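Engineer: here you go, sequence then predicted model.
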2 protein chains.
Amino acid sequence: MPHRIFLTIFLTAILLIIGCKNKKQQAVYQSARPVHEMGIISTSSSPNAKLHDVPISAVTLGDGFWQPRLQANKDRSIPELLRLLEEHGVVDNFRRLSGRRNVERRGYLFTDSDLFKWMEAAALVLQSGDDPQLKAKLDSVIDDVLAAQGKDGYLNTYHQGERANERFTKFKSNHELYCLGHLIQAGIAYYCGSGERRLLDGAIKYADYVISLFGPDKRQCFPGHPEIEMALVELYRTTGDRKYLDFADYLLNHVQLDKIEEKMTASDFQYLFSGLPFTSRKELKSHAVRAMYACCGATDLYMETGNPAVWETLQTLWKDMSQYKIYVTGGVGSRYQGEAFGNKYELPNERAYTETCAAIGNIMWNWRLLNVTGDERYTEIMERALYNGFLSGVSLTGDRYFYRNPLTSFGDNERQPWYNCTCCPPNVERTLAKIPGYIYSTSPEGLWVHLYHSNELNWHLDDGQKIRVKQVTKYPWENKVEITLNPKTKKEFSLFLRIPEWTPGASVSLNGEELKDKPVNPGSYFEIRRKWKRKDVVVVEFEMPVRAVFSNPRLGEDLGSVALQRGPVVYCLESPDFPNTSVFDVALPLDPENPQKGFTTQFQPDLLGGIVVLRKNALAYEIPMTDQPLYRYAPFKRPTRSVELKAIPYYAWANRGVSKMEVWVPWVKE
Amino acid sequence: MPHRIFLTIFLTAILLIIGCKNKKQQAVYQSARPVHEMGIISTSSSPNAKLHDVPISAVTLGDGFWQPRLQANKDRSIPELLRLLEEHGVVDNFRRLSGRRNVERRGYLFTDSDLFKWMEAAALVLQSGDDPQLKAKLDSVIDDVLAAQGKDGYLNTYHQGERANERFTKFKSNHELYCLGHLIQAGIAYYCGSGERRLLDGAIKYADYVISLFGPDKRQCFPGHPEIEMALVELYRTTGDRKYLDFADYLLNHVQLDKIEEKMTASDFQYLFSGLPFTSRKELKSHAVRAMYACCGATDLYMETGNPAVWETLQTLWKDMSQYKIYVTGGVGSRYQGEAFGNKYELPNERAYTETCAAIGNIMWNWRLLNVTGDERYTEIMERALYNGFLSGVSLTGDRYFYRNPLTSFGDNERQPWYNCTCCPPNVERTLAKIPGYIYSTSPEGLWVHLYHSNELNWHLDDGQKIRVKQVTKYPWENKVEITLNPKTKKEFSLFLRIPEWTPGASVSLNGEELKDKPVNPGSYFEIRRKWKRKDVVVVEFEMPVRAVFSNPRLGEDLGSVALQRGPVVYCLESPDFPNTSVFDVALPLDPENPQKGFTTQFQPDLLGGIVVLRKNALAYEIPMTDQPLYRYAPFKRPTRSVELKAIPYYAWANRGVSKMEVWVPWVKE
């Protein structure tokens, strides 16, 4: 009977759809947070996290500063990088193992991690909204990756096949745990972005294999490049399985060095920021990215365990960085040799190494510290790095990168589409994709606003109360932010507004009336506690003058110079803006009593993607300084020729061809 | 008959004595300069040398600055280093090959050169006067060295024996030609110091072997570390055999890179300062010692060949160094990575690499350039490096060395008696031993005085006219130099007195009467032409204020700071002199119109071997700068606490235990 046939077909179709759906919406991991609740690091259940992050999917970015960057990331950076990863054989390295391609393995031994970071970036983009085309590409890559996985769970294209006997023999250099860390993070991001478990299950299988071999009473291992520590804590938060947290704790604090099988020196462990107990560290003196990633992992560990010794170490290291070893751009890791942190005050400008990945590590670490404390000084560094030392790492077009981010260039720095060690590009991509998730947090007290950008938040407070928030602003170019709150029901809670340290002062008004009962202190969160109702409007206005940044006299490199900053954006002089003068022959006349005097600002929509340009009357040396002697027995003469100083945001440099550039400008008394 | 027996014995004895004497005073090399005429580089017959150097043996040093340093060099440094070379197996490496010791080879593949440099130092000391004990030690080492030489002439302890098959296969790293260069120089110095040829003959045998294998129409080679080029030109000057000059020219300008057998890149050759034609070089961007040694060799080559392209390149490179890449101490090679020259203005203070050997190479190069031109600017750099960046490389006691010579130390620099790469210590020793030979030159016009120090010269002018000169001075501590001339007969010639650039002004008097007919210009040689007679007395008096050295604003590292200098001596602040204040918290109040105002100077005979100490009222920050933030949006407050600034010569630092030190002191307006 046609009806029964039709019914059978109909029911079969339904079952198939449900089956597909089930395949997609696999069960959540036991005792873990639901997938749609997961933030960038998912701190909502962390006992020592004061703040709880908000899912990327809960925030819809509006027009403004970051929107075109995220669009370029999605439309150009991510597809183009996959093309380049394919071109350089990085995906084929997997296909080779599954027999899908008959090719030689190519690239450094850690290329898997480059692909995993790309996968994480793509998965994070999916968290901001469906993109079937990107999803299909990502799924195809996931197929290729998982097809290469060994039956035991092992998955590392360099150490499978002909080098299988070298597996887990050289932790110092083999990057196996580092690659696994990135696989875990890609798996979590994909799980969170698609609801699908398979990539994460593959990562778990590999992680379980590692944990079955190594640990306190087993063979000893250590990460030659920290990264896996934070991934393991994130895996614990995702799955609820404590063994991952315990293994992170083991790697950070309990590796038995006397039982390590390979030949290692104390300075090796110092440099790797690994092996030695994290709590024995007193300063940041090592490979910068390794140090930042280890600090991320340790902060994650602290959020779950509350170990006070870990916290004390984190504080010591953060002070070492923030007081002695960070550039005004938020970049860290000044030293070429070993891509390392230098000594205190070792912050050369032209010779700054400041790898893009180190700035990213710095952002990730400060985000974690902010989650622990709610302390504005961490947001400050995060924002400084985001707008400057991180963002300088990628071109406005999204397809050219800087590996290092110097603060002075003599014209020998050119952005590249590809680096053989291509760690930075996918790291940039995943960081851009995370930005919506960095704007807000919740806490039992209420809602926190860390970053300002037009967006709509559709989320809930810690107690489950639904809330929508709308931010409208042209920050960082303009100084006004309008925030409309729409709690589902009238409700008492606090709104914490970040008042950046860079502003001399700010005012906050509520529904048109300025709040004057307590001071609005720069460098803090301003709390408004009340019963909020729908359409309550808060307006924050920051004083946003051009600020001359002076360096500690101990930082000899910058003594006698200033950096220019407006809002969170650090500026530079770039040669295309100085047609008749070397940028290095310009000096800035300043009144030290009032150094912000005399600047003009103008938004130029057609320049470098739309930027505020700074201008001031300045002076140039008559004789180019390069024609003058290196040393004299008298002060060098004051510059006398009038020039207009024009400064552009540091992040936007090197987008008009190869150029000369400087951030720190010598100043003379006005 | 007793008489005849007596006569026979007597005659036999005479013959024996003559025989011994003949053995000692072997025939000079064909067409070469007599041994007692040889200066440090022996330029008297060089067609493109304006000046001709004076043998070390012609100068007897009197009391004063250098005398105790040369004494310590002879009494302590040289014996102690031989003991350490023995202890580390460097001499045994030779004895092993001759079967005198049954030991393993020890140390880096270039340890032979360390011993050869020590031998050169010992031989140079012998040029200043007999020392049977030192001569016996040196002779014993020479025996050990020569006993290891192969029948074909090959002599390199790393590549003899079990590694003989690696001989001449890896010019990039194997240092064979470098070691041969040092063997030649040791051979020449020994020939000159003892009249004995055997060490030099051994070196010649090896050099001839190399030349038989390599060259324009043979296999191609290149020095992985330049050094042999200058040694070959010196060998040409010593023996008169042009093939050595031709081979130096080949190595510097005519290596056929397309026929090199080992795998090399263009950047390898750039870095090695070798292989590529010397005349293709446009800047100093490479390993610093390699660059300096290659420039020495090229200048030697120019003196003999007059190749204008070589001279043009030398001028280009010298400008690159003197205008952009030299420290105020005369140190060069600022970059750790690759022990290399940095970019223009890349002169970090704490992170200065400035290897002692690079300062020595700089002295050797400028000495050669001075020989070509008689131009004071070369003497200026030579003297600056001698009193500062070179001399800082050895302790006052003569048995502790610095490999690197930073201009700021946070307290982590300690002099060492031994480095596994012990290139610097014997290099220091040979340089100290040369100092008497750097004081004077002759030219057809007359006599040149480059350096001031009490001494007696017993020499002749270019035309053979004998002359004795006596200098009496307490330079560099005092500003007066008395020079008594004693020509054998009354004779017209010029006396060229160096007037250093560091003096604001100087006066010259002759037999008590000031010479006022022409200006005495700092930074030049002041010529007095007359018929000189016995006991003519010339007195030079330099204005010798404390000078504040200001750096070019492009040198951001030093902007806002000054270095202090008096005479040729650069000063520093060292922590033992600041009991209650960090040297890094001190700022110097200066009147920019008159920056030398307000200093006091005092000779302290018991401090650091006797030094002039500088003092001035200064200011210190109330709050240590390390407790203050790295950046501020306003100028840091002026220091307010009164302290006495006490500065000691830079060369004398790190002789009172581990200390903190800085050369560049921030200044504030008085």
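Structural biologist: Yep, it's here.
Engineer: please verify my assumption that A:Tyr336 contacts B:Gln337.
Structural biologist: Yes - at 5.2 Å, A:Tyr336 and B:Gln337 qualify as touching, with contact defined as Cβ atoms under 8 Å. Heads up, the C-betas are built off the backbone N, CA and C, glycines and all.
Engineer: more crowded one of the two?
Structural biologist: Neighbour count, other Cβ atoms under 10 Å in any protein chain shown: between A:Tyr336 and B:Gln337, A:Tyr336 has more, with 17 against 12.
Engineer: tell me how far the more buried one lies from B:Arg335.
Structural biologist: Computed with Cβ to Cβ, to the nearest Å, the distance linking A:Tyr336 and B:Arg335 is 8 Å.
Engineer: how many neighbours does A:Phe168 have?
Structural biologist: Neighbour number of A:Phe168 under other Cβ under 10 Å is 17.
Engineer: would you confirm that it contacts A:Glu176?
Structural biologist: Yes - with contact defined as Cβ under 8 Å, A:Phe168 and A:Glu176 form a contacting pair (6.6 Å).
Engineer: how much space between A:Ser42 and chain B?
Structural biologist: Using Cβ to the nearest Cβ, to the nearest Å, we find A:Ser42 at a distance of 33 Å from chain B.
Engineer: same deal with A:Gly39?
Structural biologist: With Cβ to the nearest Cβ as the criterion, A:Gly39 and chain B are 31 Å apart.
Engineer: please list all residues in contact with that residue.
Structural biologist: Contacts for A:Gly39 (Cβ atoms under 8 Å, 6 or more residues apart in numbering or on different chains) come out as A:His52, A:Asp53, A:Val54, A:Pro55, A:Ile56, A:Gly437.
Engineer: looks to me like it is in a strand.
Structural biologist: No - counting by DSSP: H, G, I helix; E, B strand; the rest coil, A:Gly39 is not part of a strand but coil.
Engineer: can you get me a residue count around the residue nearest to it when sequence neighbours are not counted?
Structural biologist: For A:Gly39, ignoring the flanking residues on the chain, the nearest one in space by Cβ to Cβ, 6 or more residues apart in numbering or on different chains is A:Asp53 at 2.9 Å. If you count neighbours by other Cβ under 10 Å, A:Asp53 ends up with 26.
Engineer: same deal with A:Pro308?
Structural biologist: Number of residues near A:Pro308 (other Cβ under 10 Å) recorded here: 10.
Engineer: what helix or strand is the most centrally placed residue in chain A located in?
Structural biologist: Nearest to the geometric centre of chain A sits A:Ile360, at 3.7 Å (Cα atoms, centre = their mean). Element membership for A:Ile360 (DSSP states H and E) is helix A:356-373.
Engineer: hmm, the residue nearest to A:Gly39 is touching A:Ser45, no?
Structural biologist: No - using Cβ under 8 Å as the test, A:Asp53 is too far from A:Ser45 to be in contact (11.4 Å).
Engineer: who in the stretch 501-650 of chain A is up against chain B?
Structural biologist: Counting by Cβ under 8 Å from any Cβ of the partner chain, the residues of the stretch 501-650 of chain A lying close to chain B are A:502, A:504, A:547-561, A:563, A:565, A:584, A:587, A:592, A:595, A:621, A:625-626, A:628-636.
Engineer: report the buried members of those residues.
Structural biologist: A:502, A:547-561, A:563, A:565, A:584, A:587, A:595, A:621, A:625, A:628, A:630-631, A:633, A:636 (16 or more other Cβ atoms under 10 Å in any protein chain shown).
Engineer: tell me who's in contact with the residue nearest to A:Gly39.
Structural biologist: For A:Asp53, the contacting residues are A:Gly39, A:Ile40, A:Ile41, A:Ser42, A:Thr43, A:Ser44, A:Asn371, A:Gly437, A:Ser441, by Cβ under 8 Å, 6+ apart.
Engineer: residues near the fifth one, how many?
Structural biologist: The tally of other residues near A:Thr43 (other Cβ under 10 Å) stands at 24.
Engineer: kindly report the same for the second one.
Structural biologist: If you count neighbours by other Cβ under 10 Å, A:Ile40 ends up with 26.
Engineer: list the contacts of it.
Structural biologist: A:Asp53, A:Ile56, A:Trp367, A:Lys434, A:Gly437, A:Tyr438.
Engineer: which of the contacts of A:Asp53 sits closest to chain B?
Structural biologist: Among the contacts of A:Asp53, A:Asn371 lies closest to chain B (Cβ to the nearest Cβ), at 24.0 Å.
Engineer: isn't that closest one right up against A:Ile41?
Structural biologist: Yes - contact criterion Cβ under 8 Å: A:Asn371 and A:Ile41 qualify, at 6.9 Å.
Engineer: what residues does stretch A:477-492 touch?
Structural biologist: A:65, A:449, A:452, A:461, A:465-475, A:493, A:495, A:497, A:529-544, A:567, A:603, A:610-612.
Engineer: narrow these to those that are buried.
Structural biologist: Neighbour counting with 16+ other Cβ under 10 Å marks A:65, A:449, A:452, A:461, A:465, A:467-475, A:493, A:495, A:497, A:532, A:536, A:538-542, A:544, A:567, A:611-612 as buried within the contacts of stretch A:477-492.
Engineer: give me the common contacts of A:Tyr336 and B:Arg335.
Structural biologist: Both A:Tyr336 and B:Arg335 are contacted by A:Arg351, under the criterion Cβ under 8 Å, 6+ apart.
Engineer: does A:Thr469 sit in a helix, a strand or a coil?
Structural biologist: Quick fix: residue A:469 is Val, not Thr. Taking three-state DSSP as the rule, one finds A:Val469 in the strand state.
Engineer: so what's the residue nearest to it when sequence neighbours are not counted up against?
Structural biologist: Once flanking residues are discounted, A:Val469 sits nearest to A:Leu457: 4.1 Å by Cβ to Cβ, 6+ apart. A:Leu457 makes contact with A:Val54, A:Ala58, A:Val59, A:Ile439, A:Tyr440, A:Ile467, A:Arg468, A:Val469, A:Lys470, A:Gln471, according to Cβ under 8 Å, 6+ apart.
Engineer: for chain B, state which of these is nearest.
Structural biologist: Closest to chain B, out of all of the contacts of A:Leu457 and judged by Cβ to the nearest Cβ, is A:Ile439, at 25.2 Å.
Engineer: wait, that closest one sits on A:Ser454?
Structural biologist: No - at 10.4 Å, A:Ile439 and A:Ser454 do not qualify as touching, with contact defined as Cβ under 8 Å.
Engineer: name the residues contacting each of those two.
Structural biologist: Contacts common to A:Ile439 and A:Ser454, judged by Cβ under 8 Å, 6+ apart, are A:Gln471.
Engineer: touching stretch A:521-532 from outside, list them.
Structural biologist: Counting by Cβ under 8 Å, 6+ apart, A:374, A:376-377, A:380, A:445-446, A:448, A:485, A:487, A:490-506, A:508, A:510, A:515, A:520, A:538 sit against stretch A:521-532.
Engineer: for stretch A:624-640, same thing?
Structural biologist: A:582, A:584-587, A:619-622, A:668, B:322-324, B:326, B:328, B:344, B:502, B:504, B:547-555, B:563, B:565, B:592, B:595.
Engineer: again, only using 6 Å
Structural biologist: A:585, A:587, A:619-622, A:668, B:323, B:328, B:547, B:549-554, B:592 (Cβ atoms under 6 Å, 6 or more residues apart in numbering or on different chains).
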